[in-house]
Each structure stands twice: as structure tokens, then as C-alpha cells.
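>>> What follows is a predicted structure for the sequence shown.
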Amino acid sequence: MCLAIPSKIVKIEDNVATIDVDGVRREASLLLIENPKIGDYVIVHAGFAINKLNEEDAQESLKLLKEAASLTFDNPKEGTDSD
């Protein structure tokens, strides 16, 4: 299973972008993206930006992912030993 997290392009050098998600920065190849620009949101898989998306969709996806993570970490499964 693959979880795609929208990432914002903050720097481009040659065909490599520095992408940012909530302050976490990584590098991703831009070879598969047409006309990438600083400020674009992309979906990254295996180190390659594979798709661009608009900011509204990216922000909505990030909001939903944060909500899901909050539910997961705030409500551990019953029957697990947390001690």
C-alpha cells in the first residue's frame, strides 16, 4: 500500500526539487512532471514527483491526513497492552 502525501516544492535545482510537508524537507526528482514551479504541490512516490495538484486539493488532503493520524494516535486499539 502507498500513502501519497501532498508536498510543496520550495526549491528547484536542475531536475531535483526540495519538497516540504509541515517543515520536513526532502528531495524528489522532477523528471516525470511537466513544467514544475516553486510553490506547486506534488505527490511523490519512490523519490519521484508523479503528479501535480492544486493548492486547495493539497490542503484538504493534508487536513484529512492530520485528522486520521490524530484519531489513530489519540485512540489506541482496545485490547492492546500499553504498559
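Noted; the coordinates are in hand.

>>> which residues of this structure fall in helices?
For the chain, the helices defined by DSSP state H occupy 55-74.

>>> What residues sit buried inside the lowest-mean-pLDDT helix or strand in it?
Lowest on mean pLDDT, DSSP states H and E among the helices and strands of the chain sits helix 55-74, with a mean of 88. By neighbour count with 16 or more other Cβ atoms under 10 Å, helix 55-74 contains the buried residues 58, 61-62. No exception for glycine: its C-beta is placed from N, CA and C like everyone else's.

>>> Output those residues as CSV; include the columns distance to E27.
Listed next are those as CSV, based on distance: Cβ to Cβ, whole Å:
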residue, distance to E27
A58, 19
S61, 21
L62, 20
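
>>> Of those residues, just say which sits nearest to P6.
Nearest to P6 among the buried residues of helix 55-74, counting by Cβ to Cβ, is A58 at 3.7 Å.
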